[in-house]
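Q: quick one: sequence and predicted model below, then my questions.
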Amino acid sequence: MGAWDLLATWFGAGVSIAEFWAGALLVPGVSLLTALVVNVVGHIIGNALMGLVAVEGFVVGVPTMVLTRRPLGVRGSYIPSALNYLQLIGWTAVMNVVGARAIDEVLSALGYPSNVQLWIVAVGALNTLWALAGPRRWGWLEKVSAVLLITLVAWLTAATVSTAGGIDWGVGSGNLPPLLALDLVVAMPVSWLPLVADYSRLCRGGAFWATFVGYLASSSLFYFIGGYTNAYLGLADPISIIATYGLGIPAMAIVVLSTTTTAFLDIYSAAVSFKNLKPSEPIDRQILVVGAAGTALALVFPVEEYEWFLLLIGGAFVPLAAIMITDYYLVTRGRYDVEELLGGRAAPIRASGITAWALGFTTYILTSTYTPWLGSTIPSLIATSTIYYTLSKLGREAPQDLAPYKPYKAIQTQAREAKLTALNTTSSTDTKR
């Protein structure tokens, strides 16, 4: 993948009705102006975390869950792998529900009988089949889906502005603490963090900026539009908004396509995460398992709990991000040994990582429950990073068997040359064949 391919992948992931839906949770809880500020700041924080881990994947050349073997240990990495596996099944279910509702709303308006469960099964099968197609066939779908969904949402926004007669930045009740709103924003990019290196390891350069800019541009836009339309139309569900404007089958097709561009990333990366638990497991078989599980969950998924789903994701993966970034950039200074990570020489359990993660998760949950005005993201990041760094230094866990230190530019150049050499070798072999 080139940098533009990686940027298109993450831009397409953010061009999603799920972001629209999450943005609607902010307003009228906060004013539209506050929602805009929280939206921008939250996405900058969340996407910076994504970008830093993307660099790790690019330099080291392994998926995210394999990277966690260094700070958590091999067996310790099974915990985030299992959690990521479960959250991706949950996201697959959310996207299946979104696509199915779009089909059902439009067809019901045209006089056909309602049957959401049938459409959940159909959308789930479509998403699973596309995940089976593999990364090489994803690029064109991302670009087409992004253009179509942006066009649809631009039309929705223009129609809402026309209906409302403009934008009142003060609209909103203000009963949602701004820092708690920030948590709901950060949770979205952080939900992608456990799989960000799965894709940056495949790129030839620009890992940080392609990831940061790609997802920030699309996700923040959809968050804001979701909040804006909810503030004026009183409809948090984007499918209801589409039905209200009577956009019909073209809009339905665009929504279903957009769910596919997000859901197949969830399904594919869940399968990759499972391989950290069981390396011999075939990717294709796990894609089928995850696709079936996401479809089954969608049949009973309580979409009303979407807000709590986001907060739980933040509780699990914000402190994990803090540990991964602290370990790579501060404790080891990038001296990761691939043979150690993949060859079984990494420690089975690293107490410092597991302890810091548990305390970071506890900090996140306690602050969101008892001091929501304080928010949970910033306290959890600070607490987790401080605890992990302190425990690592006290336990002398910056290991003596790490690869020799090299400046980042030297590592980046070496990694790019190695990937280009491998690519040229493959092309030469294919030509001979």
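A: Ah, there it is.
Q: output the below-cut-off pLDDT ranges for the stretch 101-250 of the chain.
A: 134-142, 164, 166, 172-173, 235-248 (pLDDT under 70).
Q: so where do the strands sit in it?
A: Read by DSSP state E, counting those that start in this stretch, the stretch 101-250 of the chain holds no strands at all.
Q: test my guess that residue 32 contacts residue 170.
A: Yes. With contact defined as C-beta atoms under 8 Å, residue 32 reaches residue 170; the gap is 7.2 Å. The C-beta positions use only the backbone N, C-alpha and C, and glycine is treated the same way.
Q: which one of those two is surrounded by more residues?
A: residue 32 (21 against 10; other C-beta atoms under 10 Å).
Q: for residue 259, see how far away that one is.
A: 27 Å (C-beta to C-beta, to the nearest Å).
Q: what's the burial count for residue 294?
A: 29.
Q: now the helix or strand hosting it: buried residues?
A: Per DSSP states H and E: residue 294 is located in helix 283-298. Buried residues in helix 283-298, counted by 16 or more other C-beta atoms under 10 Å: 286, 287, 288, 289, 290, 291, 293, 294, 295, 296, 297, 298.
Q: then stretch 104-116?
A: In stretch 104-116, counting by 16+ other C-beta under 10 Å, buried: 104, 105, 106, 107, 116.
Q: among these, which lie within helices?
A: In helices, defined here by DSSP state H, the members of the buried residues of stretch 104-116 are 104, 105, 106, 107, 116.
Q: now, the most widely separated pair of the residues you listed?
A: Using C-beta to C-beta, the pair of these lying farthest apart is 106 and 116, separated by 12.2 Å.
Q: which residues in the stretch 1-150 of the chain form helices?
A: Here the stretch 1-150 of the chain has its helices, by DSSP state H, counting those that start in this stretch, at 3-14, 17-23, 32-60, 64-67, 69-72, 78-109, 116-133, 139-164.
Q: which helices and strands sit right next to the last one?
A: The reference is to helix 139-164. With contacts taken as 3 or more C-beta pairs under 8 Å, 6 or more residues apart in numbering; DSSP states H and E, helix 139-164 sits against helix 3-14, helix 207-233, helix 238-244, helix 248-277.
Q: in JSON lines: the ones you listed, plus mean neighbour count.
A: Putting the helices and strands packed on helix 139-164 into JSON lines (neighbours: other C-beta atoms under 10 Å) gives the following:
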{"stretch": "helix 3-14", "mean neighbour count": "23"}
{"stretch": "helix 207-233", "mean neighbour count": "24"}
{"stretch": "helix 238-244", "mean neighbour count": "21"}
{"stretch": "helix 248-277", "mean neighbour count": "23"}
